[in-house]
Structure formats: C-alpha cells, structure tokens
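Got a predicted model here, sequence first, then my questions.
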Amino acid sequence: MRKIFFITMISLLSLMIFTSELDFAKFLFDDGDYYRSLTELKRELFFCQDTQIKEKIVNLIGVNYLFMGDLKSAEESFSKIKDISEGYEKNYLLTLFFQKKFKDLKETKITFEKNNDFVLLSKLFLGEVKEKDFINSSEELKEISDNFFKIKKKNPFLAILFSTFLPGSGRFYSERNGDGLFSMMTILTPIFGSIYYKFINENKTFFVISTSVAAVFYLGELYGSFNSAKIYYEKKVNRYFYEIKDNYSNTIFLPYYSF
Amino acid sequence: MNLLLSLIIASTLLSDYSYEVPFEKGDTQKIYYDESYDKKLTDNSVNIILLFGLRFYQIFISPSQGEVCNFSPSCSNYMFQSIRKYGPIFGFVKGIDRLQRCNFSVRDYVGTFYDSIVLIEKRGFKVIDKP
C-alpha cells in the first residue's frame, strides 16, 4: 500500500515539474500581466533545447513587448525569426508599421506573398500609390485606402487669400473654426475701435493704438492661416494612422501568436 | 523710479532663461535655453527690446491674471522662445499667431492639430505646443 502511495506521489510530482512553463506565461498574458509573462518566457527560453519551441518563445516575447508598447524591443525579437514563417514575418512588418518606419518597410525583402499588404499600406502613407492599386486588395485594405484618399490637401496660399479679404476665413478653410472665429474677433474689434475713434469720437492716440493692434493681429492671422493649411494634411494623416491602428487591431493589425 | 528700472533690467538680464516644459503626465523637466541663440540676442537690439517687454509682462502683469493660458509653454514663453529662435519679425508674428490660437476651442484640436494634453502641478491641464 505504501509503495503504491509513493509511486502515485512521485508520478504526480513529476507531472507538476514537467508541465510546460508556457501555460503559466499564457495565464499571465491573458491576465494582461505582460511584464511577468515576459519573465516566465525568458526563463523558459533559457532552459529550452528545442529550436522550434525557442522560435515560438522568441515570437511570444516579441508579442509581449508589442502589447507593452516597447516597439523597439519587439522589432529586435521579431527580426531574429522573421524569415522562418509567415506569421513571424507579419509580426516583424507590423512592428515596423507601428513605428512609422514606412521607408524601411517598403525596402524590406518580403518572403511570404501575403505580407505584401503591409508594403502597400506603407506606400499609402508615403503617398506613392493611387486608388486603382487597391482594386485586388482585401475589403479592409480597400476601406482603409478609400478613407485615406478622402483626406485632401489644403492650399496655404488660398488660405492666405481668404484671410486677406475676410480675417479668420483662412482658418475656417483649414477646419479650425474656433481659431477662425477668435482671430476674426481679435481683428475686427480693433478695426471697429479705430473707425469709432476716427469718425465718431475723434481721438488720435486711441485711433493709432487700435489701428496698430489690428495690424499686428492681421499679420498673425495671415501667418496662422498659412501655417494651419500647411500642416493640415500632415496632421490629418497622422490622426488617421492612429485611428486605423485602433479600428483594425483585431483584424489586419492583430499579431500572430500561439502558446 | 530709477531703482525700479534697474531692478527690472537686472531681473531681465540676469535671469537664467530657463523654462519648464512638461516631460510626462504630471511631471516637469527643466530644459535650459540653447546657448547658440545668445549670439543672435547680443547682435540684435530689436530682440532685446521685445524680450525686455515680454519679461516685464511676465514679472509685473501676468501674475495678476493667474493661470489663464491653455498651452504649455505659455503664450509669453512661446513668443520669448520663438523670438530668440527665429528672430524679431518672424518670431513676433509666430507669437501673435499663438495668441490667436489660445482660445476656447484649443482642446477640441487635441489629437488632430495638437499632439497631447498634460496635467502640470499647480497649473492644471495644458496643451503641448512648442515653437
């Protein structure tokens, strides 16, 4: 009886010892505790002898870094295994895309054909593709490109022209309505003041002050309308990049991993 | 009067030209003024007049208003830095543009035209906009 008890105890203990450490790392990962999951994975990597499992662990380490927001370390991990499988390569390209390294991504040698979508996306953000290039792409890519091409550039000189005739309108043109309204007020108020002090209540000093204030704000308005139109496209594209990163995080931008 | 003037001049010229900009959420980092602009400052007398005016405003007028600026660095600091960086004309115009942008709608543009908003100790929420 004693023998049977000891045998069962030893077998149970051995089971506990040889259970994969990745299960605990998975538990931590699912719990959102990426930092501790990373520690478990690194420990497993240290003891691991099998090359295939090692690759899998390196990928998981990269994914943990990705979820933690440490994109540089994630890129480093994925770059070690990118040529091995389609999923690993996708993760590498994904980290490049998230870091906005569009030029590097474009020049990267793609081993697996399916990952060409990332090259197309990087070209889209570099402004090197047209709408017709997305005809044969997936539905999601088409949607992304359609919305991207809806963002139009604003002409800074047109904005100056608007502001020259009606202060504030240049900023309205760049979709900055609050700024436009406020700058219109800052210019029109001293202009009305100068008219008042010139024709109704004649006061030369106040007339000069209000005219010079209006002139100074007018200069600022011209520069502001030019600048807001100039940076409009860049800022909108930047905003769109983060929008698609959030909206497609469960489809195109979902990293490949399995425990 | 002479004493007051000499005090103003001393406070303007002897200040270390440092300003605080937010580093992380709720944190501040002291960034010292770039010495390469000093040459420009000594060469240009218009700069000195403008910067003197700004310092006068910052020391004697601004404290009476309290924390009213929506941005970090504040509008006067922004103009101060941009004058030193871009010269008296362009820097001044940039500063005026900033004054026009400092209005009720600033926070609507965070995420599009402005990158981030931070909470600064004793100053409240400020939108980051550097010259």
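Thanks, I have the structure now.

May I ask which helix or strand encompasses residue A:183?
helix A:177-195 (DSSP states H and E).

quick one: that helix near chain B?
Yes: shown here: helix A:177-195 in contact with chain B (C-beta under 8 Å from any C-beta of the partner chain) through A:177, A:178, A:179, A:181, A:182, A:183, A:186. No exception for glycine: its C-beta is placed from N, CA and C like everyone else's.

ok, the third one - contacts?
Read it as residue A:179. Residues in contact with residue A:179 (C-beta atoms under 8 Å, 6 or more residues apart in numbering or on different chains) are A:171, A:224, A:228, B:100, B:101, B:103, B:105.

Check residue A:128 too.
Contact partners of residue A:128, counting by C-beta under 8 Å, 6+ apart, are residue A:106.

Would you mind giving the secondary structure of it?
coil (DSSP: H, G, I helix; E, B strand; the rest coil).

quick one: it and residue A:102, what's the gap?
According to C-beta to C-beta, to the nearest Å, residue A:128 and residue A:102 sit 9 Å apart.

do residue A:229 as well
In terms of C-beta to C-beta, residue A:229 sits 24 Å off from residue A:102.

any idea how far the residue in the stretch 151-259 of chain A positioned nearest to chain B is from residue A:58?
Residue of the stretch 151-259 of chain A nearest chain B, by C-beta to the nearest C-beta: residue A:178 (2.2 Å). Separation of residue A:178 from residue A:58 (C-beta to C-beta): 50 Å.

Who has more neighbours out of those two?
residue A:58 (21 against 17; other C-beta atoms under 10 Å in any protein chain shown).

isn't the more buried one right up against residue A:82?
No: at 10.5 Å, residue A:58 does not count as touching residue A:82 under the criterion of C-beta atoms under 8 Å.

buried ones in stretch B:85-95?
Buried residues in stretch B:85-95, counted by 16 or more other C-beta atoms under 10 Å in any protein chain shown: B:86, B:88, B:91, B:92, B:93, B:94, B:95.

Tabulate those residues (CSV), appending pLDDT, secondary structure and distance to residue A:210.
Formatted as CSV, those follow (pLDDT from 0 to 100; DSSP: H, G, I helix; E, B strand; the rest coil; distance: C-beta to C-beta, whole Å):
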residue, pLDDT, secondary structure, distance to residue A:210
B:86, 86, helix, 27
B:88, 87, helix, 23
B:91, 91, helix, 24
B:92, 92, helix, 19
B:93, 94, helix, 19
B:94, 94, helix, 23
B:95, 94, helix, 20
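
average pLDDT across the helix holding residue A:183?
Mean per-residue pLDDT for helix A:177-195: 93.

Next secondary structure element downstream of that helix?
Using DSSP H and E, the helix or strand that follows helix A:177-195 in sequence is helix A:204-247.

what angle sits between that next one and helix A:177-195?
170 degrees (axes from the mean of the first three to the mean of the last three C-alpha atoms, to 10 degrees).

Who are the packing partners of helix A:204-247?
Under the contact definition 3 or more C-beta pairs under 8 Å, 6 or more residues apart in numbering or on different chains; DSSP states H and E, helix A:204-247 sits against helix A:139-149, helix A:156-165, helix A:169-173, helix A:177-195, helix B:88-101.

again, only this time at 7 Å
Taking 3 or more C-beta pairs under 7 Å, 6 or more residues apart in numbering or on different chains; DSSP states H and E as contact, the helices and strands that helix A:204-247 lies on are helix A:156-165, helix A:169-173, helix A:177-195, helix B:88-101.

tell me the angle of that helix relative to helix A:156-165?
Going by the same axes, to 10 degrees, helix A:204-247 is angled at 150 degrees with respect to helix A:156-165.

Helix B:88-101 and helix A:204-247, what's the angle between them?
Taking the same axes, to 10 degrees, one finds helix A:204-247 and helix B:88-101 inclined to each other by 70 degrees.

so how far is helix A:204-247 from its chain's centroid?
Relative to its chain's centre, helix A:204-247 lies at 25 Å (C-alpha atoms, centre = their mean, to the nearest Å).

average pLDDT for that helix?
93.

can you give me the angle that helix makes with helix A:139-149?
170 degrees.

Let me know the closest of the contacts of residue A:179 to residue B:74.
Of all the contacts of residue A:179, residue B:74 sits closest to residue B:101, with 12.6 Å by C-beta to C-beta.
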